[in-house]
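# Give me a 3D structure for the following:
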Amino acid sequence: MSDVRDPDALADLLGDDCARTILVEAKKEPRSAAELSDCAGVSEPTVYRRLERLREYDLVTEDIQPVTDGKNYKVYRTELEGIELDLEEDGFEITVSRGERMTDRFTRFVEGR
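This next block holds a predicted model:
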């Protein structure tokens, strides 16, 4: 049993150059949509569409980046650690490994979990 609700759609998404570029660049450091647009060589609306799809699979997260002039903006971070694809008798099984953010680890530590 796959831990992905729609393995075919995820495979299609990961086959997209823009989505892969977003994952790689946002893994290096949190990036804004404008920065991701420059990295991928596509328009910001295209980046936002891919980010929405990547967020559906919890592959990226969105954070607010505070700025001293009061105009905060969003940055995106890759949560994907890896994807395992196994061939089973009844089709493919996909297992997605996601990273755990430092804040989540700290919360677990404080709560004793």
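
# neighbours around Cys39, how many?
Neighbourhood size, Cys39 [other CB atoms under 10 Å]: 17. Bear in mind the C-beta positions are built from the backbone N, C-alpha and C, glycine included.

# what about it, which SS state?
Here Cys39 is helix, with the state taken from DSSP: H, G, I helix; E, B strand; the rest coil.

# Asp86 versus Arg31, what's the distance?
32 Å (CB to CB, to the nearest Å).

# more crowded one of those two?
A direct count of neighbours by other CB under 10 Å for Arg31 and Asp86 places Arg31 higher, at 23 against 10.

# Surely that one and Lys74 touch.
No. Using CB atoms under 8 Å, Arg31 is not in contact with Lys74; the gap is 10.0 Å.

# Overlap in contacts, the two.
Between them, Arg31 and Lys74 share no contacting residue under CB atoms under 8 Å, 6 or more residues apart in numbering.

# quick one, what contacts Arg98?
So Arg98 contacts Asp58, Leu59, Glu79, Leu80, Glu81 (CB under 8 Å, 6+ apart).

# hmm, try it at 10 Å
Tyr57, Asp58, Leu59, Thr61, Thr78, Glu79, Leu80, Glu81, Gly82 (CB atoms under 10 Å, 6 or more residues apart in numbering).

# Okay, it and Asp63: tell me how far apart.
15 Å.

# again, but for Leu23
16 Å.

# which of these two has more neighbours?
Per other CB under 10 Å, whichever of Leu23 and Asp63 has more neighbours is Leu23, with 20 against 14.

# I'd say that one and Arg55 touch.
No. Counting by CB atoms under 10 Å, Leu23 stays clear of Arg55, with 11.8 Å between them.

# Give the intersection of the neighbour lists for these two.
In contact with both Leu23 and Arg55: Tyr76, Glu79, using CB under 10 Å, 6+ apart.

# which SSE is Leu85 in?
Assessed by DSSP states H and E, Leu85 sits inside strand 80-88.
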